[in-house]
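Chemist: Next come a sequence and a model predicted from it.
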Amino acid sequence: MDARAPFCHACGTIQPPRAVDHFVRLGVKRQFDVDLRELERQYFGFQRRFHPDRFATKSAEERAFSLQHSTATNEAFETIRSPRRRAEYLLTLLGQPALPADAHTVGDPALLAEVLQLREALDESAEPRAMQRIAQDALARAEDCTRSIAAAFAAGNLAEAGKQTLWLAYLDKLADEIRARGRRPKPGP
C-alpha cells in the first residue's frame, strides 16, 4: 500500500492522515500561482471522500481518521486559498519565512512609515466614506502586492517574496480593522 494513500487499496478502509504539505494534500502544484477554481474542485472532492457523515456507521478509529482527514483538508484549503497565508506557508516550506520567529520588529523603514501613515489615516477617519476610500486603497495595494509576490516567486527571489508577504500581512490587518469598525455600533445621542 502507498504510505500516502488515504484508503487501503485492498479493503478500502480509511487510513490515518500522513504528514504531507498542504499542496500535496490537495493535489495542487507547490507554487504561489494557484488556479483557485481547481483548488476548490480538489477541496470539495476530498471533503466528499472524508466527510465524517460518510463514516457514521464505521468503527471509532475510522470515524476519528475521517475527522482528522477532514480537518487537515480544511486547514490546507484555508491556507492555500489566502494569498498571504499561501505565501507565508510556501516561504516556510522553502526555508525563508516572511518574518523570522525571533524577529520582533520590521527592519524596513519605508514599509514601517507607510504602515504608520495608513494607520494614522484610519484613526483620523470617522466618516464612512473616508473609511471606504482607505479600504479601496488598501484593497488595490493588496492586489498589487499579490502580483508582486507572484512575480518574486516566479523569479526565485524569496527575499522579495518575503518582503511583499509582510506588507500584505499589514494590509490584511488594516482591512480587518476597517471591517471591525464598520460593524461597531454608532455612538448614541
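Modeler: Thanks, I have the structure now.
Chemist: Please, where are all the helices along this protein?
Modeler: 22-26, 36-50, 60-81, 83-93, 109-124, 128-155, 158-183 (DSSP state H).
Chemist: and the longest one, what does it pack onto?
Modeler: Here helix 128-155 is seen to pack against helix 83-93, helix 109-124, helix 158-183 when contacts are counted using 3 or more CB pairs under 8 Å, 6 or more residues apart in numbering; DSSP states H and E. C-betas here are computed from N, CA, C, even on glycine.
Chemist: If we use 6 Å, what do you get?
Modeler: Applying 3 or more CB pairs under 6 Å, 6 or more residues apart in numbering; DSSP states H and E, we find helix 128-155 packed against helix 158-183.
Chemist: phi, psi of residue 127?
Modeler: Phi and psi for residue 127, reported as degrees, to the nearest 10, are phi -80, psi 140.
Chemist: Report how many residues lie close to residue 171.
Modeler: Neighbours of residue 171 under the rule other CB atoms under 10 Å: 24.
Chemist: quick one: the closest residue to it other than its chain neighbours and residue 93, what's the gap?
Modeler: Distances taken as CB to CB, 6 or more residues apart in numbering place residue 142 nearest to residue 171, at 4.5 Å, with adjacent residues excluded. Taking CB to CB, to the nearest Å as the measure, residue 142 falls 22 Å from residue 93.
Chemist: residues in contact with residue 70?
Modeler: Contact partners of residue 70, counting by CB atoms under 6 Å, 6 or more residues apart in numbering, are residue 50.
Chemist: any idea how far residue 148 is from residue 164?
Modeler: Distance, residue 148 to residue 164, by CB to CB: 5 Å.
Chemist: typed the wrong thing, it's residue 33
Modeler: Residue 33 sits 14 Å away from residue 164, going by CB to CB.
Chemist: Please identify which of these two sits among more neighbours.
Modeler: Neighbours were counted for residue 33 and for residue 164 using other CB under 10 Å; residue 164 has more, 25 against 11.
Chemist: List the buried residues for stretch 61-75?
Modeler: Neighbour counts over stretch 61-75 (16 or more other CB atoms under 10 Å) mark 62-63, 65-66, 69-70, 72-73 as buried.
Chemist: From those, pick the one nearest residue 40.
Modeler: Closest approach between the buried residues of stretch 61-75 and residue 40, by CB to CB: residue 73, at 12.1 Å.
Chemist: Name the nearest residue to that closest one, sequence neighbours excluded.
Modeler: What sits nearest to residue 73 in space, not counting adjacent residues and going by CB to CB, 6+ apart, is residue 46, at 4.8 Å.
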